[in-house]
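Novice: A predicted structure for the sequence below; I have some questions about it.
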Amino acid sequence: MSEDFKDKNIIQAQSSETISGSGSGVSPDMDYVRPAEIPEQDLYHGHSFITKWVFCQDAKVIGVQYFCLATFTGIIGLILSWLMRLQLGFPEAAGFMTAEHYYQFVTMHGMIMVVYFLTALFLGGFGNYLIPLMVGARDMVFPYVNMVSFWMFFVAVGVLLASFFVPGGPTGSGWTLYPPQAILEGTPGSGMGIILMCVSLALFVIGFTMGGLNYLITILQARTRGMTLMRLPLTVWGIFTATVLAMLAFPALLVSAIMMSLDKLLGTSFFMPTILKAGEVLEYGGGSPILFQHLFWFFGHPEVYIVALPAFGIVSDLISVHSRKNIFGYRMMVWAIVGIGALSFFVWAHHMYVSGMNPWFGFFFATTTLIIAVPTAMKVYNWILTLWRGNIRMNTVMLWCLGFIVTFVNGGITGIFLGNVTVDVPLSDTYFVIAHFHMVMGIAPLMVIMGAVYHWFPLVTGRMLSEKLGKWHFWATFLGAYSIYFPMHYLGFIGVPRRYFEMYDSPYMTSAVGMNEFISTAAFLVGAAQFILIFNIVKSLKIGKPAGKNPWKANSLEWLTPSVPPEHGNWGERLPVVHRWAYDYSVPGAKDDFIVQTTPPSEVVHTKVEKT
Amino acid sequence: MHAGIIFFLVILGSVLFHIFTPWYWTDIASNWQSMDDTITLTFWVGGGVFVAVCLFMIYCVFKFSYKEGRKAEYKPEDKKLERILTWATTLGVAALLAPGLIVWNQYVNVPKNAIHIDVMAWQWGWQYRLPGKDGKLGNTKIVNINEDNPFGIILEDPNGKDDILIQSDVIHLKNNRPVKILLRSVDVLHNWYVPQFRAKMDAVPGVITYYWFEPNKIGEYEVLCAEYCGVGHYAMRGGVKVQSKQDYENWLEEQETFSDLIAKQNKIEFNEKKLAKK
C-alpha cells in the first residue's frame, strides 16, 4: 500500500506546510504538522475467505474474532455461574451436583471470566479494533504476529475446554490454583485437569504477549502525524497502560504455571513442603506454598487493573461523547491511569493479609493499597464532573456509563474495606470478598463493555442497535446484578465463608438461606437478560437503522474513516492528520457542538479552544 | 427523566437495606471490638462518599439532560478544584488507614500472658494441643506423626512430655484469657475461623502461623475452615467452648498428656507381648 500512496503523502505533507490562512489574522503556519518521517507500512491484503476472515491480518477482523471467542467463553462462564447459584440457592434442585462438580464450576467460572473473557475482550477485542483506528494507523505494526496471537488464544481456549473431557475433569482448586491442594488428591481435577489449566494459561500468556507487543508498539510508533501522546483518547491510554501491566505481570503467572506443572509432573518441590497425606509422607519437601501466592498475586493484582484500566479509558470517552462535553481534567485522567498502573505492582499482598506471610507486611501493603484509592477517586470525580453542565444524551450508552459509575464506586468503596488490613481480617474469605470483586471487576467492567458495544456497533457493522431493546437489556442487567451483589456483602458480614458447597445448619448461617434463594433467582434472570443483547445484535445486523458516518457526532479518529465500516487499511488514500485532542465538544464560538480531531485550527479560528 | 428516578431508588433502597437488614454480623465474643469499630467507621465514610457521588450523578442526569440547541460548558480543567479534591480524598483515606494500622499493630503483637494452643489441621479435620505445667509446647515434626504420636511431637524435647493432647475437633477456652493460636497443617492450606471472634489466619504446611484473641463471652461456637482445602472444605468444621475459669480447669484436668499417652501405649504393648507369650 505504501507504494500506492507515497507520493500523495509527500504532497499532503507539503501542502500542510505551505497552507496560507484566508484573512482574519490566521498565521501561515497555524495548521503546521510535522511531515511524516517514514514511509507507510506494507499491508497484506487477503484474497481468499481463509486469508480474509480466518487467518486474517486485519486488526479489525482480529478484534472481532477475539470479541466473539471471548464472548463464547464468557457464555460458558455464565452457564457455570448458573449451576453454582442453583446449588447455593436451591440445593434440592441440584441433586445431580456433587461437591467435586461444584468446585470445578467455581474454578472454571473464575478463570474464564477473569482471563479468557474480560482480559481477552478488552485488550484482544477492543484493543485490536480501536487502537489502529484511534491513533490513525492503517493496522497494527506486526499484523502477522497479531493474527498468530488470536490463534494462540483460540488454542488456549480449546485446551481449557478440553479439560472438561479428561479423566477427573477440570481442576477444582479455585481460580487462584493454590498449591499444595491444586496438585494433590482431594481436590477435583488434580491430575490432568490442573495440567491442562497450566498449559492453557501458558498458551494464553504467549499469545497475549504477541498481541501486547503489537498494541504497545503501534501506540508508540504508528500514531499518525499530529497525534501526540497527550492528544490520544483515554481509551488508548487505558489499553496502553493495561498492556504494559500485562507484559510485566503475565510472566509471573507463566512461571508459576510452569513451576507448578513441574511439581506435579517431575516431583520438584517449588511450592511443596513436607506433606503427610493419608498417613504417608509424600516425596516433597522444602517448598513454599506462600511463594506461589506471591507470584500469583504479583500477576493477579495487576490483572485487576488490566481489566479495569481499559474500562476506565473507554468509559471516559463514552461519557464525554454522550455528555457533549470534554472529559474533565484530561491530564489528571492520564496521570491517574499511569499512576494506578504503576502502583498496582506494589499492592499484591493485600490479597494475602491472612495467608500466613509475615504479618508485618500488612502495614506496607495496607498503606500502598489505600494510596491507590486516591488516583482512583480522582477518576470518579472527573467522570461525574464531566456530566456537570453537560448536555447529556440519556441513551443506552449513557445508561451503561451511569450504571458503571454506581457499581464501580460501590465496589471501590468495599475495596477500601478489604485493603485496610484490619478490616480485612474478619471479612476475608467470606462472601463480602465475592460481592466486592464481582461488583468492581465483574459488573463494573461489564457495564463498560456493554456501553462500548452499543457505542461502537454502528462503526463495526454500519447499523445501529435497537435503543428500546438496549434499555430493557440495561435495566434488567443493572438492577439484577445490583440486587445480586449488594445484599451479598451482608452474607460476608455474617461471616459466611466463600467456597462452601453447603452451609449446613450453623445457627447464624440459616438466615442466609432466604437471601441465597433471592440471589440465585436474580442471577438466573440477569444471565437470561444477556440474550436480549444477542437478539438485538442479530436483529440489528439485518434490519437495524443504517448508522451512516459518525452517528454520535464524536471527535475521535475511528469515526472519520472514508467508509463505514472501515475497510482494510482504514483510511483510504490519505492518512488523517491530527490537529487537536479528542475532546473538543461544545467549544464556545464553534458552529457544531463538536470539532473532530482532524479539523485544522484555520477552519475554526473564531473558537476559544483551550487545549489542542 | 425516569432513569434518574430509578437510579435514585436504587441508592435509597441501598441505604434502607442497610438500616433494616436482618443480616448483620454475629454478636462479637472476643476482644476485637476494635475491628468492628474500624468497619463501622469505614462504612460511614465510604457509604457517605458512595451516596454523595451517586446523588451528584443523579442530579446531573436530571439537570443536564439533552436539550437541542443547548451547549455544554467548555472547561477542560480546573486546577484548584482538582487540588482540593485530591487533598480531601487523601485526608479521608489517611483517616481510614490510621485506625486500621493501629488495630493491626495490636493484632500482630501477642500479649505475654496468652495461652499457646497448637491447632493442627489436615484434610479434613482439627485437633489441638495445650502446653502442660511448664507452659511450653514441645516441638513437632510432620514425619514423626503416627498412631502413637498423633501430633508428631519430637520425643527428645522435654517440653513436649507434659503437653495436653486433645484429639477432638472441639477445644475449650478460658473466658477472658488471651490465647495465641499457633496454626500448622500437615497437608494443604486451612484456616481456623470462628466468626464470633472475628480473627482468622491461614494454616500453611511447612510453617507455623499465629494470631491471637481473647474470648469474652461464655458459650459454644462453630469453627469453620476459611481457606479452600479441597473437596471436603465445606464440611471441615470444629467447635469452641468458652468456659468460666472453674469449668475450664475441670475440663483440663480430664485431658490426657503426651506422657499419659506413651504410658498407655507402653502398657498396651506390654499386655500384647504378655498375651503373645501365653
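Specialist: Right, received. Where do you want to start?

Novice: now B:Phe50: how far from A:Ala476?
Specialist: 23 Å (C-beta to C-beta, to the nearest Å). All C-beta spots, glycine's among them, are computed from the backbone N, C-alpha and C.

Novice: These two: who's more crowded?
Specialist: The neighbour comparison of B:Phe50 against A:Ala476 (other C-beta atoms under 10 Å in any protein chain shown) goes to B:Phe50, with 20 against 16.

Novice: who's in contact with that one?
Specialist: A:409-410, A:413, B:14 (C-beta atoms under 8 Å, 6 or more residues apart in numbering or on different chains).

Novice: Which single one of those residues is nearest to B:Glu147?
Specialist: A:Ile413 (52.4 Å; C-beta to C-beta).

Novice: With the flanking residues excluded, which residue is spatially nearest to B:Tyr210?
Specialist: B:Leu182 (5.2 Å; C-beta to C-beta, 6 or more residues apart in numbering or on different chains).

Novice: quick check, the one you found in a strand?
Specialist: Yes. If the criterion is DSSP: H, G, I helix; E, B strand; the rest coil, then B:Leu182 is within a strand.

Novice: So A:Ile38 versus chain B, what's the distance?
Specialist: Separation of A:Ile38 from chain B (C-beta to the nearest C-beta, to the nearest Å) stands at 32 Å.

Novice: Could you count how many residues lie near that residue?
Specialist: Other residues close to A:Ile38 by other C-beta under 10 Å number 8.

Novice: for A:Asn555, same thing?
Specialist: For A:Asn555, using other C-beta under 10 Å, the count is 25.

Novice: from memory it sits against A:Asp584, does it?
Specialist: Yes. Between A:Asn555 and A:Asp584 there is a contact under C-beta atoms under 8 Å: 6.0 Å.

Novice: what touches both of those two?
Specialist: The contact lists of A:Asn555 and A:Asp584 share A:594-595, where a contact means C-beta under 8 Å, 6+ apart.

Novice: For the residue nearest to A:Ala373 when sequence neighbours are not counted, give me the pLDDT.
Specialist: Of all residues not flanking A:Ala373 in the chain, B:Val93 sits nearest, at 5.2 Å (C-beta to C-beta, 6+ apart). At B:Val93, the pLDDT value in this model is 94.

Novice: Now do the phi/psi pair for B:Val93.
Specialist: Dihedral angles of B:Val93 (phi, psi; degrees, to the nearest 10) stand at phi -60, psi -40.

Novice: starting at the chain centroid, how far to the helix or strand that contains B:Lys273?
Specialist: Assigned by DSSP states H and E, B:Lys273 belongs to helix B:258-277. Distance of helix B:258-277 from its chain centroid, counting by C-alpha atoms, centre = their mean, to the nearest Å, is 41 Å.

Novice: Please list all residues in contact with A:Pro588.
Specialist: A:607-608, B:71, B:74.

Novice: If we use 10 Å, what do you get?
Specialist: Residues near A:Pro588 by C-beta atoms under 10 Å, 6 or more residues apart in numbering or on different chains: A:606-610, B:71, B:73-74.

Novice: Checking it next. Helix, strand or coil?
Specialist: Applying three-state DSSP: A:Pro588 is coil.

Novice: Quick check: A:Val321 vs A:Val448, distance?
Specialist: In terms of C-beta to C-beta, A:Val321 sits 14 Å off from A:Val448.

Novice: Overlap in contacts, these two.
Specialist: A:401, A:455.

Novice: mean confidence score for whichever strand or helix holds A:Leu402?
Specialist: Assigned by DSSP H and E, A:Leu402 belongs to helix A:396-419. Taken as a whole, helix A:396-419 carries a mean pLDDT of 95.

Novice: Alpha carbons only: can I get that helix in CSV?
Specialist: Extracted in CSV, the C-alpha atoms of helix A:396-419 (Å, rounded to 0.1, in the frame of the first residue of the first chain):
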residue,chain,number,x,y,z
THR,A,396,-28.4,3.3,26.2
VAL,A,397,-24.7,4.0,26.0
MET,A,398,-25.1,6.7,28.7
LEU,A,399,-27.2,4.4,30.9
TRP,A,400,-24.4,1.8,30.9
CYS,A,401,-21.9,4.5,31.9
LEU,A,402,-24.1,5.6,34.8
GLY,A,403,-24.5,2.0,35.8
PHE,A,404,-20.8,1.7,35.7
ILE,A,405,-20.3,4.7,38.0
VAL,A,406,-22.7,3.3,40.6
THR,A,407,-21.3,-0.2,40.6
PHE,A,408,-17.7,0.9,40.4
VAL,A,409,-18.0,3.4,43.3
ASN,A,410,-19.8,0.8,45.3
GLY,A,411,-17.1,-1.8,44.6
GLY,A,412,-14.3,0.7,45.0
ILE,A,413,-15.6,1.6,48.5
THR,A,414,-15.7,-2.0,49.6
GLY,A,415,-12.2,-2.3,48.3
ILE,A,416,-11.2,0.3,50.9
PHE,A,417,-12.7,-2.1,53.5
LEU,A,418,-10.7,-5.1,52.3
GLY,A,419,-7.5,-3.1,51.6
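
Novice: ok, and for it, which residues are buried?
Specialist: Across helix A:396-419, burial judged by 16 or more other C-beta atoms under 10 Å in any protein chain shown covers A:396-419.

Novice: and what of stretch B:126-140?
Specialist: Applying 16+ other C-beta under 10 Å to stretch B:126-140 flags B:126-132, B:137-138, B:140 as buried.

Novice: and of those, the nearest to A:Ile384?
Specialist: Nearest member of the buried residues of stretch B:126-140 to A:Ile384, counting by C-beta to C-beta, is B:Trp126, at 49.8 Å.

Novice: Does that closest one touch B:Val186 like I think?
Specialist: No. Counting by C-beta atoms under 10 Å, B:Trp126 sits too far from B:Val186 to count as a contact (11.4 Å).

Novice: Now the common contact residues for these two.
Specialist: B:120, B:203.

Novice: Return the residues in contact with A:Lys60.
Specialist: A:Lys60 touches A:128-130, A:132-133, A:139-140, A:459-460, A:558, A:565-568, A:570, counting by C-beta under 10 Å, 6+ apart.
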